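Participant: make a model of this:
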Amino acid sequence: MTANSMACLFSSRADCCSEHYEWNYADCMGTSPSSSNLYYPYWDDNENVCKNDNNAPLFMIQNPIWLHSDLESCCESCSS
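Facilitator: The predicted structure is shown next:
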């Protein structure tokens, strides 16, 4: 435990969930995960692309770091 009790306090639920539960953000926020209209990286043997077909894997939906509002930012995140 930290000596600074203020280190665990956040001004919003979203800030707390982003800091400590990014792997399960939707559950932390009490929302249903969705990838609607968001781009996500897609890799398989023949493709290395970003898609927005509402079929993102659950682990990506639960961790919004994988989801992007536009194609360019998705591609940039995958190439870095």
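Participant: surely residue 49 forms part of a helix?
Facilitator: No: Residue 49 is assigned strand when assessed by DSSP: H, G, I helix; E, B strand; the rest coil, not a helix.
Participant: which residues sit in contact with it?
Facilitator: 41, 42 (Cβ atoms under 8 Å, 6 or more residues apart in numbering). In short, each C-beta sits where N, CA and C put it, glycine included.
Participant: do that again at 7 Å, thanks
Facilitator: Residues in contact with residue 49 (Cβ atoms under 7 Å, 6 or more residues apart in numbering) are residue 42.
Participant: what residues sit buried inside stretch 42-52?
Facilitator: 42, 50, 51, 52 (16 or more other Cβ atoms under 10 Å).
Participant: just the CA atoms of stretch 55-69, as CSV, please.
Facilitator: Output of stretch 55-69 as CSV, limited to C-alpha atoms (Å, rounded to 0.1, in the frame of the first residue of the first chain):
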residue,chain,number,x,y,z
ASN,A,55,-16.4,-8.0,-35.4
ALA,A,56,-13.6,-7.0,-33.1
PRO,A,57,-12.5,-9.8,-30.7
LEU,A,58,-13.8,-9.5,-27.2
PHE,A,59,-10.4,-8.9,-25.7
MET,A,60,-10.1,-5.8,-27.9
ILE,A,61,-13.5,-4.6,-27.1
GLN,A,62,-12.8,-5.0,-23.4
ASN,A,63,-9.6,-3.0,-23.7
PRO,A,64,-10.3,0.2,-25.7
ILE,A,65,-6.6,0.8,-26.4
TRP,A,66,-7.2,-1.5,-29.4
LEU,A,67,-10.2,0.6,-30.8
HIS,A,68,-9.8,3.7,-32.9
SER,A,69,-12.2,6.3,-34.3
